[in-house]
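> sequence? don't have it. structure:
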C-alpha cells in the first residue's frame, strides 16, 4: 500500500495538504460564525456554543501549524530530514484518529469531515514516506 501512496508526486501531496488545512480552517471559521451549526460537529456532543468554541479554536491553531509546516517543507529540501518525517508521522496519527472519530459521528461528519480528514491522512502519509534523495 505504501508503494501506491509513494506514486503520488511530492508536489501533489503538498497541494493536497494545503487544501486539507485550508478547508479545515474554513470549516472551523464557519462553525465559529454560526454558518455551520455546532450541533452537527464534535459528534453532536457540544451542549452549547460556548463548549464548541475552544474546540474549534484549538483545531484552527493545529491547522495553522500544519498548514505552515506543509508550506515550509513543500517548497524546501527539508522533506527528508528525520525531524520533519517525525512531524509528518505525528500528523498521520492525529488525522487517522480524527478520521476514525468522524466515521462514528454525525451524518455531516461521516459524509464531509471524514473525506476531508482522509485527504489530510493521505497527504501527510505521502510526505512521511518520502525517501532521502
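Now that the structure is in, tell me what you want to look at. This is a predicted model, so every value here is computed, not measured.

> and the helices in this structure, which stretches?
Applying DSSP state H to the chain gives helices spanning 2-6, 10-32, 49-74, 82-103, 107-108, 114-128.

> now those helices in CSV, with mean pLDDT, mean neighbour count and distance to residue 42?
Heads up, the C-betas are built off the backbone N, CA and C, glycines and all. Converted to CSV, the helices of the chain look like this (pLDDT from 0 to 100; neighbours: other C-beta atoms under 10 Å; distance: least, C-beta to C-beta, whole Å):
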stretch, mean pLDDT, mean neighbour count, distance to residue 42
helix 2-6, 88, 11, 29
helix 10-32, 96, 18, 9
helix 49-74, 94, 16, 6
helix 82-103, 93, 16, 9
helix 107-108, 94, 12, 11
helix 114-128, 95, 21, 14
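
> so which of the ones you listed comes closest to residue 41?
Smallest distance to residue 41 across those (C-beta to C-beta): 6.1 Å, for helix 10-32.

> run the angle between that closest one and helix 49-74 for me.
Counting by axes from the mean of the first three to the mean of the last three C-alpha atoms, to 10 degrees, helix 10-32 lies at 160 degrees to helix 49-74.

> thanks again, I'm all set now.
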